[in-house]
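[1] What follows is a predicted protein model with its sequence.
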Amino acid sequence: MSDQAGTSAAEVSAEAQAPGFDTQRAHSARVYNYWLGGKDNFAADREAAEQAISANPGIVTDVRANRAFLARAVRFLAAECGVRQFLDIGTGLPTANNTHEVAQAAAPDARIVYVDNDPIVLAHARALLTSTPQGATAYLDADLHDPAAILQTAAETLDFGQPVALMLLIILHLIPDSDDPYGIVNTLVQALPSGSYLVLAHPASDIRPAQMAEMTKRVNERMSGPKATMRDRTAISRFFDGLDVLEPGLVQPQQWRPDSALNSPMVTAWCGVARKP
């Protein structure tokens with residue numbers, strides 16, 4: 001297909017060609033893939049991504065900082081906190097430093113469940129994301145709007161009697177306030193035992209606010225599915241209610257336990273890691 005020139009999306013399985021798979025409208029996972037330098041995107045995704053870049057030139061640096069935060073957080077939880085189970089919701093298209101790769105490098109017996117509702121994401125995940133022999137990697141076709149269904153199916157791979165790291169990175173902005181994102185997160189967290197963790201990153205409305213507002217407008221005009229809702233630090237901090245937020249608190253991704261001295265510019269997101277008492 002000419003619309004897929006230069007992308008391995010042309011090789012997506014029949015699952016990705018199911019009804020509702022629309023290559024003419026941008027999708028958040030594929031736009032994010034383009035920003036990360038991936039090939040798994042279509043012309044509509046690239047156009048939306050470039051519109052976002054023109055409104056907020058720092059977005060490419062931002063998404064890569066978020067990806068680096070994911071790797072540091074997973075490595076910390078697996079290597080230093082003894083976490084062996086990860087529930088990664090809104091996983092996006094496979095790229096470098098996927099959750100299972102980082103976790104199983106530190107703990108080969110780690111078990112990971114990825115959750116997404118985009119056919120192309122699931123097709124690529126099943127083809128590319130393989131587990132260590134000692135651990136497990138599973139993929140669920142599910143929507144964050146239905147946390148009960150996610151928990152029920154994830155329990156086939158994860159033991160909810162043992163600590164789980166719940167990963168919600170750059171996904172909650174796709175849940176509008178009218179759909180009760182706080183209730184959704186609370187339902188997921190309440191199902192986890194004491195000693196579990198919430199790892200969360202969310203685009204910020206209060207960092208470079210004018211650029212973020214214009215970028216959000218441009219992307220939403222071109223996006224299929226849910227539109228983005230940016231939130232400020234106070235609103236994002238509510239997702240951690242009842243949890244013990246680890247140092248350094250709710251910060252920009254490049255500021256969370258950096259591997260080396262900070263040299264990153266400002267990043268338009270807030271992130272944190274919290275433990276369930």
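    Ah, there it is. Numbering: from 1, shown residues only.

[2] how about the helix or strand of the chain with the lowest mean pLDDT: buried residues?
    With mean pLDDT, DSSP states H and E as the measure, the helix or strand of the chain carrying the lowest mean pLDDT is helix 119-128 (a mean of 72). Of the residues in helix 119-128, those buried by neighbour count under the rule 16 or more other C-beta atoms under 10 Å are 119-125. C-betas here are computed from N, CA, C, even on glycine.

[3] That one - contacts with which helices or strands?
    Helix 119-128 is packed against helix 28-35, strand 111-116, strand 136-141, with contacts defined by 3 or more C-beta pairs under 8 Å, 6 or more residues apart in numbering; DSSP states H and E.

[4] Rebuild the ones you listed as TSV, extending it with mean pLDDT.
    Below are the helices and strands packed on helix 119-128 laid out as TSV (pLDDT from 0 to 100):
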stretch	mean pLDDT
helix 28-35	81
strand 111-116	94
strand 136-141	92
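
[5] Can you say which of the ones you listed is nearest to residue 187?
    Evaluated with C-beta to C-beta, those place strand 111-116 nearest to residue 187, the distance being 13.9 Å.

[6] Give me the contacts around that closest one.
    Counting contacts by C-beta atoms under 8 Å, 6 or more residues apart in numbering, the residues outside strand 111-116 that touch it are 29, 84-92, 99-100, 103-104, 122, 125, 129, 131, 135-142, 144, 150, 154, 157-158.

[7] Could I get the contacting residues of residue 193?
    With contacts defined as C-beta under 8 Å, 6+ apart, the neighbours of residue 193 are 160-164, 276.

[8] Return the most buried member of the helices and strands packed on helix 119-128.
    Of these, the one with the most neighbours on average (mean count of other C-beta atoms under 10 Å) is strand 111-116, at a mean of 26.

[9] just to revisit the earlier point, just the closest of the buried residues of helix 119-128 to residue 268, please.
    In terms of C-beta to C-beta, no member of these lies closer to residue 268 than residue 121, at 23.4 Å.

[10] Next, find the distance separating the closest one from residue 104.
    When distance is defined by C-beta to C-beta, to the nearest Å, residue 121 is 20 Å away from residue 104.

[11] Same question for residue 153.
    In this structure, residue 153 and residue 104 are separated by 21 Å, where distance is defined by C-beta to C-beta.

[12] Which one's more surrounded, the two?
    Set side by side, residue 153 and residue 104 give different neighbour counts by other C-beta atoms under 10 Å, the larger being at residue 104 (24 against 16).

[13] The one helix or strand that one maps to: how far from the chain's middle?
    Take DSSP states H and E as the rule and residue 104 turns out to sit in helix 99-106. Here the centre of mass of C-alpha atoms in helix 99-106, compared against the chain's by C-alpha atoms, centre = their mean, to the nearest Å, lies 16 Å away.

[14] what packs against that helix?
    Looks like helix 99-106 contacts helix 59-80, strand 85-89, strand 111-116 (3+ C-beta pairs under 8 Å, 6+ apart).

[15] now it: mean pLDDT?
    On average, the pLDDT along helix 99-106 is 94.

[16] Next, the residues that contact it from outside, please.
    Applying C-beta under 8 Å, 6+ apart, the set of residues contacting helix 99-106 is 70-71, 74-75, 77-79, 83, 86, 88, 91, 110, 112, 114, 129, 131-132, 134-135, 137, 167.

[17] just checking, residue 220 touches residue 227?
    Yes - A contact is recorded between residue 220 and residue 227 when judged using C-beta atoms under 8 Å, the distance being 4.3 Å.

[18] Which parts of the chain are helices?
    Shown for the chain, the helices assigned by DSSP state H span residues 28-35, 43-55, 59-80, 99-106, 119-128, 147-154, 181-190, 209-222, 233-237.

[19] now the angle between strand 85-89 and the fourth one, please.
    Okay, so that is helix 99-106. 160 degrees (axes from the mean of the first three to the mean of the last three C-alpha atoms, to 10 degrees).

[20] Need the pLDDT of the closest residue in space to residue 107 that isn't next to it in sequence.
    Nearest in space to residue 107, with sequence neighbours left out and distances taken as C-beta to C-beta, 6 or more residues apart in numbering, is residue 78 at 4.7 Å. Reported pLDDT at residue 78 in the predicted model: 98.

[21] Right, I'll call it a day here.
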